[in-house]
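Asker: structure, please.
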Amino acid sequence: MNKIPADAMVVVADGEGARVFRNVGTDYKLSLKQQEHITPQDINDDGPSGSAPPEQTGQQTDEATFAKQLAHRLNHGALTNAYAHLVLVADPQTLGQMRPQLHKETVARMHGELAKDLTNSPLADIERTLG
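Answerer: Alright, predicted model coming up:
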C-alpha cells in the first residue's frame, strides 16, 4: 500500500465492529492513534441493504446491516469533510458489502483499501501491515 498521508482516517472493520484511527505520524512514518470503536446500532430496526437470500443466517444479516451502517457513516464523514483521506481495511465479506454503498465522494477520498481482517489485531500489527 502507498504511504498513508498524515491525518488520514484509517478504518479497520469486520461485520461486528470497527476501529477508527488517525495517522498522527507523518506522510513518511505511520503512527496510528485510535479515536473510536464503532459497534452495530439498532440492528433489528435497520436491516441490510437490499433483500437477503433465504439461506442467510441471522448473524450474516446482522453483519450486512453493520456494513451498511458503517458505509453510511463514512459517506457522512466525506460529505461533511470530516476526513480528507481514508484507508479502509475490512474482511473480504464486509468490504464487498460496503463497496456498492460508498458515495462517490467517499470513494474519491479513498487512499487505499485492504481486504484483511485486522479488527482484533494489536495496534503494532495493524501499523506493520499498513506501513
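
Asker: which positions within stretch 79-99 qualify as buried?
Answerer: When burial is assessed from 16 or more other CB atoms under 10 Å, stretch 79-99 yields the following buried residues: 83, 85-91, 93-95, 97-98. The C-beta positions use only the backbone N, C-alpha and C, and glycine is treated the same way.

Asker: now swap in stretch 13-21 and tell me
Answerer: Neighbour-count burial for stretch 13-21, counted by 16+ other CB under 10 Å, picks out 13, 14, 15, 18, 19, 20, 21.

Asker: list the residues that contact the second one.
Answerer: Going back to what we said before, that points to residue 14. By CB atoms under 8 Å, 6 or more residues apart in numbering, the contact list for residue 14 reads 63, 90, 91, 94, 117, 119.

Asker: how many residues are close by the fifth one?
Answerer: Just to be clear, that refers to residue 117. Burial measure for residue 117: 18 neighbouring residues, criterion other CB atoms under 10 Å.

Asker: before we move on, which element is it in?
Answerer: Taking DSSP states H and E as the criterion, no element holds residue 117; it sits outside all helices and strands.

Asker: do the fourth one as well
Answerer: Following DSSP H and E, one finds residue 94 within helix 92-98.

Asker: tell me where the chain has strands.
Answerer: If you assign secondary structure with DSSP state E, the strands in the chain sit at 9-14, 17-23, 32-38, 86-90, 110-115.

Asker: where does this structure have its least confident helix or strand?
Answerer: Of all the helices and strands that make up the chain, the one with the lowest confidence by mean pLDDT, DSSP states H and E is helix 43-46; it has a mean of 63.

Asker: just to revisit the earlier point, what packs against the helix holding residue 94?
Answerer: For helix 92-98, the helices and strands in contact under the criterion 3 or more CB pairs under 8 Å, 6 or more residues apart in numbering; DSSP states H and E are helix 58-79, strand 86-90, strand 110-115.

Asker: go through these and pick out the most buried.
Answerer: Using mean count of other CB atoms under 10 Å, the stretch among the helices and strands packed on helix 92-98 with the largest mean neighbour count is strand 86-90, at a mean of 25.
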